[in-house]
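Peer 1: Need coordinates for the following:
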Amino acid sequence: MHVSVSSPLPWALVGFGSGGRVFHAPLIASADRLNLVAVVTTDPQRRAQVAASLPGARCVVDLAAAAAAGAVGVTISTPPATHLPLALEAIRLGLHLVVDKPFALDLAGARRIADAADAAGVAVFPYFNRRWDDDFLTVRARTREGRLGTVQQFESRLDRSRPVKEGWSSDPAHGGGLLLDLGPHLVDQALLLLGPAVSVGARLDTVRDGAGAEDGVILDLMHESGARSVLSASLAAPAAGPRFLVQGSAGGVRIEGFDGQEAQLKAGRSPRSVGAAWGVESHRVAVVHTVDGATTELPLEPGRWDTFYPAVAAALAETAAAPTAVGDAIAVARVLDAARVASARGCRVSLTGDDAGSAA
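Peer 2: Just a heads-up that it's a prediction; the model follows:
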């Protein structure tokens with residue numbers, strides 16, 4: 001998917017809410033091979049924020065204007081229900097794109113984006129940034145080196161305690177709820193670590209007063225490898241469980257707490273401003289247990305969200321493999337669709353063969 005323009009590549013960002021402003025703009029601006037030339041927003045307050053924080057970027061009213069400003073690619077960081085129409089419009093304009101989670105509201109939407117991009121020769125990169133969390137990179141490294149033996153169970157939690165925001169809509173029909181908010185991260189990590197899933201069990205709960213969609217999610221995936229993933233997220237969890245707990249035939253690993261890159265971005269820092277200290281964890285460790293009772297504390301791998309956008313630029317120039325693939329988003333959407341069915345019916349749902357989506 002070679003892009004025949006000089007480096008850095010002109011890039012655009014759609015949306016300048018917390019997602020675009022905090023989680024994308026600093027990472028795009030820190031990527032040497034990208035140049036953020038346009039931000040699509042019509043909100044006066046956000047246009048002022050763009051002018052203050054990104055003086056080299058123009059505020060434009062739509063994707064067509066972003067393309068006219070010279071952008072060859074765009075990042076979509078807008079409310080979930082807008083991802084599909086915006087992605088299809090970007091593809092129609094010939095723009096390569098990064099799509100934040102959820103990639104689409106369902107599997108059908110994810111496939112529409114994939115088919116349109118394939119027909120147009122446009123590259124699409126799902127934004128699964130938590131593949132590069134310090135703790136998940138550490139879990140992958142420990143399993144790859146064989147220290148844990150054969151992984152039998154992978155437990156992953158994103159526990160938070162949050163009040164329901166006044167006036168905040170969490171309509172599932174528009175992408176509200178934890179399944180599409182944190183579920184894509186949890187499922188993508190599990191599939192990346194253990195391979196394809198063959199069946200899904202799920203429980204989706206609405207716990208907090210005033211919550212309009214599920215604020216508690218538990219997913220139980222069985223993988224082709226025979227391993228099991230137990231994935232959970234909650235917005236009503238004052239006592240957070242371990243972030244990761246991995247059990248293998250030769251040992252296990254436990255990691256507490258959260259990757260610090262989100263906190264760095266929320267504090268106004270970026271890979272460019274922080275430099276070598278970006279993503280480095282000095283307080284949390286991975287605790288590795290062996291079957292004979294020995295325990296070892298190991299430092300975490302540095303978090304590497306800063307590698308995503310440079311990898312996108314390299315993939316477009318055909319000098320490196322893509323950091324993510326649209327097929328990854330389709331696999332995640334398939335699991336999430338099945339999870340809704342599993343929770344509603346109170347059964348496991350198969351993901352294999354002609355019976356995919358049916359009770360297992």
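Peer 1: Spell out the residue ranges of the helices in the stretch 201-350 of the chain.
Peer 2: For the stretch 201-350 of the chain, the helices defined by DSSP state H, counting those that start in this stretch occupy 261-266, 271-274, 308-316, 326-345.
Peer 1: wait, which of these is closest to Ala114?
Peer 2: helix 326-345 (4.6 Å; C-beta to C-beta). In this view, the C-beta of every residue, glycine as well, is placed from N, C-alpha and C.
Peer 1: what packs against the closest one?
Peer 2: Counting contacts by 3 or more C-beta pairs under 8 Å, 6 or more residues apart in numbering; DSSP states H and E, helix 326-345 packs against helix 107-120, strand 124-126, helix 178-181, helix 183-194, strand 197-205, strand 216-223, strand 349-350.
Peer 1: Rounded mean pLDDT for the third one, please.
Peer 2: The average of the pLDDT scores along helix 178-181 is 94.
Peer 1: could you dump the helices of the stretch 201-350 of the chain to TSV with distance to Pro299?
Peer 2: Listed next are the helices of the stretch 201-350 of the chain as TSV, based on distance: least, C-beta to C-beta, whole Å:
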stretch	distance to Pro299
helix 261-266	16
helix 271-274	18
helix 308-316	23
helix 326-345	28
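Peer 1: closest to Val98 out of those?
Peer 2: Nearest of these (C-beta to C-beta): helix 308-316, 6.4 Å.
Peer 1: Low-confidence ranges, the stretch 101-250 of the chain, go.
Peer 2: 166-170 (pLDDT under 70).
Peer 1: how does it look with 50?
Peer 2: Low-confidence segments of the stretch 101-250 of the chain (pLDDT under 50): 167-168.
Peer 1: How many residues are close by Val312?
Peer 2: 28 (other C-beta atoms under 10 Å).
Peer 1: wait, isn't it in contact with Phe125?
Peer 2: Yes: assessed by C-beta atoms under 8 Å, Val312 is found in contact with Phe125 at 5.4 Å.
Peer 1: Now do the shared contacts for these two.
Peer 2: Jointly contacting Val312 and Phe125 under the rule C-beta atoms under 8 Å, 6 or more residues apart in numbering are 98, 322-323.
Peer 1: what residues go with each domain of this protein?
Peer 2: As recorded under automatic domain parsing, the domains making up the chain are 9-127, 130-304+335-350.
Peer 1: Of all these, which one is nearest Glu318?
Peer 2: domain 9-127 (10.2 Å).
Peer 1: roughly how far is stretch 92-99 from the heart of the chain?
Peer 2: Remark: stretch 92-99 is offset 18 Å from the chain centroid, using C-alpha atoms, centre = their mean, to the nearest Å.
Peer 1: For it, give the mean pLDDT please.
Peer 2: This predicted structure assigns stretch 92-99 an average pLDDT of 98.
Peer 1: Dump the helices of the stretch 201-350 of the chain to a markdown table, plus mean pLDDT.
Peer 2: Formatted as a markdown table, the entries for these read as follows, by pLDDT from 0 to 100:
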| stretch | mean pLDDT |
| --- | --- |
| helix 261-266 | 96 |
| helix 271-274 | 95 |
| helix 308-316 | 97 |
| helix 326-345 | 97 |
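Peer 1: Quick check: which of these is nearest to Arg58?
Peer 2: Between Arg58 and the helices of the stretch 201-350 of the chain, the tightest spacing by C-beta to C-beta is seen for helix 308-316, at 19.3 Å.
Peer 1: quick one: contacts for the residue sitting nearest the centre point of the chain?
Peer 2: Central residue of the chain (C-alpha atoms, centre = their mean): Phe128, 3.0 Å from the mean position. When contacts are counted by C-beta under 8 Å, 6+ apart, Phe128 touches 101, 184-185, 188, 324, 328-329, 332.
Peer 1: so how far is Glu297 from it?
Peer 2: To Glu297, Phe128 is 28 Å away according to C-beta to C-beta, to the nearest Å.
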